[in-house]
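1. my questions concern the predicted model and sequence given below.
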Amino acid sequence: MPTLVSHPDEVKVISRRFGQGAADIDKYIALDGYKAVENALGKGADMAPWILAEMKASGLRGRGGAGFPTGMKWSFVPKESAKPKYILVNGDESEPGTCKDHVLFLEDPHAVIEGTIIAGLAIGSKMGFIYLRGEYRYLLNIMEKAVADAYAKGYLGKNIFGKDGVDFEIVTQTGAGAYEVGEESALMESLEGKRGIPRIKPPFPAVVGLYGGPTVINNAETIANASHILLMGGEAYAKLGSERNGGTRLFGISGHVERPGVYELPMGYPLRKAIYDVAGGIKDGKKLKAVVPGGASCPILTADEIDVGLDFDQMAKAGTMLGSGGIVVLDETVSIVEFALRTIRFYQHESCGWCIPCREGTDWIKKTLTRFHAGGGNKKDIDNIQYLAENMMGRTFCPLGDAAAMPTLGFVKKFRKEFEEYLEGARVEHPLIQIQPVGEPELAGAH
Amino acid sequence: MAAIADTIFTPELAARFDKLVTIYPLKRSALVPMLLYAQDEIGYVSDAAVAEIAQRLDLLELDVRNVLSYYSMLRTVPAGKYNVQVCTNISCMLRGGFELLQHCKDTLHIGHKGVTPDGLFSLEEVECIGACCWAPAVQVNYDFHENLTPAKMDKVLDDYAAGRGHNVPPSPPIGSAGQEAK
């Protein structure tokens, strides 16, 4: 069971019910639960425009990683549609370093349900899907119970909250182990009972999505923010964050820190303070070497580069990304060569194989780095890895190719010296990643 | 649709499958959950399970296998009663995931994807399981074990070996609980 952490600098919006037993529907209602939906339903004909206006004013940007403005995404859905419209909640949290939705589903499942209903009311949808990653079976059980309780109260089903003609159904399910399914179009494929392979865009899901109908796909944390925004007002929410980055966000701080955990911090909060104050500094008094600021796909920041605010724009300016908010901290003992190898092994394993640059690129970078790490490298390998990564960028249907290439480029560009010293014998004393004899099944990766 | 007369699944799971195919706009959507639940019951996705699921969803067995081969949690050979999945991805790696994996290999005397001779345990090195802030983490079947050390891992394994280990119970029938309640 995840341990909850707390720090005085936290601004608790989405996490304000954590640790209070809000998975119980009555407790949730006592803590202002389902009030936002009732407020919205009370607006009558103005309901949808009101929700959209508040969501836009909130400055909320997608918490899954891309940072797309949520209000705008919702407004892209056509008003009239021959096919049913759908809400799809992405809880296929698989970005290494990210475990925020894990805590959200555990501690406040009804906030996800309420947000899904609000999104449905905003775009005129009657059905929502909440898709969790397969590993989160115990969280599916919690979500299932929450959904059942909401049906029992009349908050889901036909004529919800006693409003005639307002129907909303929610179906929950899990995947079965695939990082790629966290990508929105692959997620729709998976939900349609197929291999999780991305679709070409355009058309975008807002026009042609799940079952061919207009679909809003949001990360679970994004959607769970909706009820808080409607209750406090979009503008008040926006003010909590930094410019063009409204509100607060769940940041998972992991790796070599004293107090790892999921903390809710305002957007724009200084990364240095997040590491040294909130998470208690580097573990065992060691020195900081580098930080992966937003999940494994974000280019690494060196110890000198951490004076930057945690929002989408400041991170982009610093040459990296805010991503999914998973901050992974590396101390001075970490070998970047080994870390780079572990990172690319993940992407090679998770590449769905649909686009050749990603399938071949991740595999060849992994092979090269495996040999390099084992001591069989040469100077040309470093350029070759960079060349391979550069040729994956922007050449794939979905962002997985970029997600593999970007951190790889960060490692070889920012730590080139360490790669060169590795060749000269400065190798790790006890390599974590053992090379397997050719032919052993383990060489093929984890699958 | 008519229920399958000679189902290979328990009556509970068969009833659940009957329900599952009705809750989606297209019944094929039930495929991934059905494969997972079939595996939960049988221990792996057997040929017979593939055949019955194909029949239930009006798909070719080939379609079912095509999807089955994509998802890394699905398997076509039995694993141990307790499948020990050790995460070695970045956050766990930084806090001892690889040492934990080695410890499990040494303790259980099996490698990645190996099964102990008594069929009690199997071992897998897995990618990120979403427990990064409580690393290093291991999943035994669906159960999370966090902030582990080799000593704590021994305790976890001992508990399962003695039948005291916690196991996440199967989910209630998907989507049906609420719909019946209303």
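-> Structure received. Numbering: from 1, shown residues only, chains lettered A, B, ... in the order given.
2. domain map for chain B?
-> If you go by automatic domain parsing, the domain ranges for chain B are B:11-75, B:82-160.
3. check the secondary structure at the residue in chain A that chain B sits nearest to for me.
-> Nearest residue of chain A to chain B: residue A:151, at 2.9 Å (C-beta to the nearest C-beta). No exception for glycine: its C-beta is placed from N, CA and C like everyone else's. Following DSSP: H, G, I helix; E, B strand; the rest coil, we place residue A:151 in the helix state.
4. tabulate the domains of chain B (a markdown table), appending mean neighbour count and mean pLDDT.
-> Putting the domains of chain B into a markdown table (neighbours: other C-beta atoms under 10 Å in any protein chain shown; pLDDT from 0 to 100) gives the following:
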| stretch | mean neighbour count | mean pLDDT |
| --- | --- | --- |
| domain B:11-75 | 18 | 96 |
| domain B:82-160 | 21 | 96 |
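5. okay if I get these as CSV plus distance to chain A?
-> As requested, the domains of chain B are exported to CSV (distance: least, C-beta to the nearest C-beta, whole Å):
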stretch, distance to chain A
domain B:11-75, 3
domain B:82-160, 4
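6. of all those domains, which lies closest to residue A:204?
-> Residue A:204 sits nearest to domain B:11-75 of all the domains of chain B, at 19.9 Å, using C-beta to C-beta.
7. mind checking how far that closest one is from the chain centre?
-> Here the centre of domain B:11-75 is set off from its chain's centre by 13 Å, with C-alpha atoms, centre = their mean, to the nearest Å.
8. try stretch A:268-284
-> 21 Å.
9. average pLDDT across it?
-> Stretch A:268-284 shows a mean pLDDT of 98.
10. coming back round to it: in TSV: the domains of chain B, plus distance to residue A:96.
-> Below are the domains of chain B laid out as TSV (distance: least, C-beta to C-beta, whole Å):
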stretch	distance to residue A:96
domain B:11-75	15
domain B:82-160	4
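11. excluding sequence neighbours, find me the nearest residue to residue A:105.
-> Nearest-residue entry for residue A:105: residue A:139, 4.1 Å, with adjacent residues in sequence omitted and distances by C-beta to C-beta, 6 or more residues apart in numbering or on different chains.
12. do the same with residue A:62
-> residue A:68 (4.6 Å).
13. residue A:349 should be in a strand, yeah?
-> No: using three-state DSSP, the assignment for residue A:349 is helix, not a strand.
14. nearest to residue A:368, of the domains of chain B?
-> Per C-beta to C-beta, nearest to residue A:368 of these: domain B:82-160, 19.3 Å.
15. any idea how far residue A:281 is from residue A:253?
-> 11 Å (C-beta to C-beta, to the nearest Å).
16. could you do residue A:85 as well?
-> 37 Å.
17. could you do residue A:289 as well?
-> 16 Å.
18. what does residue A:20 give?
-> 22 Å.
19. those two: which is more packed in?
-> residue A:253 (27 against 14; other C-beta atoms under 10 Å in any protein chain shown).
20. now do residue A:400: how many residues are near it, please.
-> 26.
21. surely it and residue A:358 touch.
-> Yes: counting by C-beta atoms under 8 Å, residue A:400 touches residue A:358, with 5.8 Å between them.
22. contacts only, for residue B:50.
-> The neighbours of residue B:50, taking C-beta atoms under 8 Å, 6 or more residues apart in numbering or on different chains as the test, are B:61, B:64, B:65, B:68.
23. within the helices and strands, which one has it?
-> Following DSSP states H and E, one finds residue B:50 within helix B:47-57.
24. next SSE after that helix?
-> helix B:61-68.
25. need the contact partners of the helix or strand following that next one.
-> Reading on from helix B:61-68 to the C-terminus, the next helix or strand found by DSSP H and E is strand B:82-87. With C-beta under 8 Å, 6+ apart as the test, strand B:82-87 has contacts from B:92, B:97, B:100-101, B:104, B:108, B:120-129, B:131, B:135-141, B:157, B:160, B:165.
26. nearest spatial neighbour of residue A:280, chain-adjacent residues omitted?
-> residue A:258 (3.2 Å).
27. so the one you found sits right up against residue A:278, yeah?
-> No: look at residue A:258 against residue A:278 with C-beta under 8 Å: they stay out of range, at 10.3 Å.
28. compare these two (neighbour count), which wins?
-> Neighbour count, other C-beta under 10 Å: between residue A:258 and residue A:278, residue A:278 has more, with 24 against 13.
29. so where is the stretch 201-350 of chain A shaky, pLDDT-wise?
-> For the stretch 201-350 of chain A, applying pLDDT under 70 flags no range at all.
30. interface residues of it facing chain B?
-> A:211, A:252-256, A:260-262, A:292, A:296, A:326, A:328-330, A:334, A:339, A:342-343, A:346, A:349-350 (C-beta under 8 Å from any C-beta of the partner chain).
31. tell me the secondary structure for residue B:163?
-> coil.
32. so what's it up against?
-> Residue B:163 neighbours (C-beta under 8 Å, 6+ apart): none.
33. for it, give its distance to residue B:78.
-> Taking C-beta to C-beta, one finds residue B:163 at 19 Å from residue B:78.
34. and residue A:26, by the same measure?
-> For residue A:26 relative to residue B:78 (C-beta to C-beta), the value is 43 Å.
35. and those two? Which one has more around it.
-> Neighbour totals were compared for residue A:26 and residue B:78, and residue B:78 leads with 15 against 12 (other C-beta under 10 Å).
36. what sits against that one?
-> B:43, B:44, B:115, B:119.
37. just flag the most distant two among those.
-> Maximum distance among the contacts of residue B:78 (C-beta to C-beta): 12.1 Å, for B:44 and B:119.
38. which SSE is immediately downstream of the host helix or strand of residue A:105?
-> Using DSSP H and E, residue A:105 maps to helix A:100-107. Downstream of helix A:100-107, the first helix or strand assigned by DSSP H and E is helix A:109-123.
39. how about stretch A:118-137: buried residues?
-> A:118-123, A:125-137 (16 or more other C-beta atoms under 10 Å in any protein chain shown).
40. restrict these to those near chain B?
-> A:127, A:133, A:134, A:135, A:136, A:137.
41. please narrow the residues you listed to those residing in strands.
-> residue A:127 (DSSP state E).
42. let me have the ones next to chain B among the buried residues of stretch A:118-137 in a markdown table, adding pLDDT as columns.
-> Putting these into a markdown table (pLDDT from 0 to 100) gives the following:
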| residue | pLDDT |
| --- | --- |
| A:127 | 98 |
| A:133 | 97 |
| A:134 | 96 |
| A:135 | 96 |
| A:136 | 96 |
| A:137 | 95 |
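43. make a PyMOL selection of the buried ones in the residues of the stretch 201-350 of chain A next to chain B.
-> Typed into PyMOL, the line below selects the buried ones among those, using 16+ other C-beta under 10 Å:
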select buried, chain A and resi 211+252+253+254+255+256+260+261+262+292+296+326+328+329+330+334+339+342+343+346+349+350
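44. just checking, which of the residues of the stretch 201-350 of chain A next to chain B belong to helices?
-> A:339, A:342, A:343, A:346, A:349, A:350 (DSSP state H).
45. next, the contact list for the first one, please.
-> Contact criterion C-beta under 8 Å, 6+ apart gives A:330, A:411, B:90, B:93 as the residues in contact with residue A:339.
46. these two touch, right, the second one and residue A:342?
-> No: counting by C-beta under 8 Å, no contact exists between residue A:411 and residue A:342, whose distance comes to 10.8 Å.
47. list phi and psi for residue A:169.
-> As for residue A:169, its main-chain torsions (degrees, to the nearest 10) stand at phi -110, psi 150.
48. find the nearest non-adjacent residue to it, please.
-> residue A:127 (4.9 Å).
49. mind listing what that neighbour touches?
-> A:84, A:86, A:87, A:120, A:168, A:169, A:170, A:171, B:25 are the contacts of residue A:127 under C-beta under 8 Å, 6+ apart.
50. the last one: which element?
-> Per DSSP H and E: residue B:25 is located in neither a helix nor a strand.
51. surely it touches residue A:84?
-> Yes: assessed by C-beta under 8 Å, residue B:25 is found in contact with residue A:84 at 7.1 Å.
52. all strands of chain B, in order?
-> Going by DSSP E, chain B shows strands at B:82-87, B:121-126, B:138-140, B:143-145.
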